[in-house]
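Participant: Predicted structure and sequence below. I'll ask about it afterward.
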Amino acid sequence: MSSSPMRHAHIPMSGAELALRLLAAFRGLVDDLHAELAGRGHAEARPLHGFALQAVGPTGATAVELGERLGVSKQAAGKTIDALEERGYVRRDADPADARRKIVTVTPRGHELLALSAEIFERLRARRAEQVGDAMPAFEAALRTLAPDVAIGLDSPGWFGR
């Protein structure tokens, strides 16, 4: 006999279970996103790439700045930039103010990936809202209370390694 999630709704979770279930929900959402991205011409995209493209931002970033935003070393940021550049998601240009520095900017292909990801995330959110039903608005409100600053999540790649 299968167990309905609602059957256990009255049983409080431990803190560890809450953390693991939030992580599992995140992982499931990201895995579903990447399955769709693969079918839409971005099979080489990885979850880290989305964090990195967001962290590059609209005005670009140096490897040092990207490392700080992601919470990783300059060397790790450099490897991420290399991978993104190989896939056509970013480019490096000389900084007009200092030719010794390179500024990383998102390419049109990178912007396409970000836009497509946003579109797919909306569809995946709607699918999950159907699964959760009438409890979804309360669930989303609770998440906003528990995690009011979503920008802090950009450094998750480095945070996991600390």
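Facilitator: Happy to help now that I have it.
Participant: got a list of contacts for the lowest-mean-pLDDT helix or strand in the chain?
Facilitator: Sorting the helices and strands of the chain by mean pLDDT, DSSP states H and E puts helix 156-161 at the bottom, at a mean of 76. Where contact means CB atoms under 8 Å, 6 or more residues apart in numbering, the residues beyond helix 156-161 that reach it are 48, 51, 52, 67, 70, 71, 72, 76. C-beta: built from backbone N, CA, C; applies to glycine.
Participant: Which single one of those residues is nearest to residue 138?
Facilitator: Distances from residue 138 to the contacts of helix 156-161, taken as CB to CB, are shortest for residue 51 (28.3 Å).
Participant: element containing the closest one?
Facilitator: helix 47-56 (DSSP states H and E).
Participant: Walking through this structure, point out its strands one by one.
Facilitator: 90-95, 98-106 (DSSP state E).
Participant: Residue 118: which of those strands is closest?
Facilitator: Closest approach to residue 118 among the strands of the chain (CB to CB): strand 98-106, 13.6 Å.
Participant: Tell me the most packed of the contacts of helix 156-161, by neighbour count.
Facilitator: Neighbour counts for the contacts of helix 156-161 (other CB atoms under 10 Å) peak at residue 52, which has 27 neighbours.
Participant: Could you dump the contacts of helix 156-161 into a markdown table and include distance to residue 129?
Facilitator: Output for those, formatted as a markdown table (distance: CB to CB, whole Å):
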| residue | distance to residue 129 |
| --- | --- |
| 48 | 27 |
| 51 | 24 |
| 52 | 28 |
| 67 | 36 |
| 70 | 30 |
| 71 | 31 |
| 72 | 33 |
| 76 | 36 |
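Participant: Name the nearest of those residues relative to residue 26.
Facilitator: Using CB to CB, those come closest to residue 26 at residue 51, 12.2 Å.
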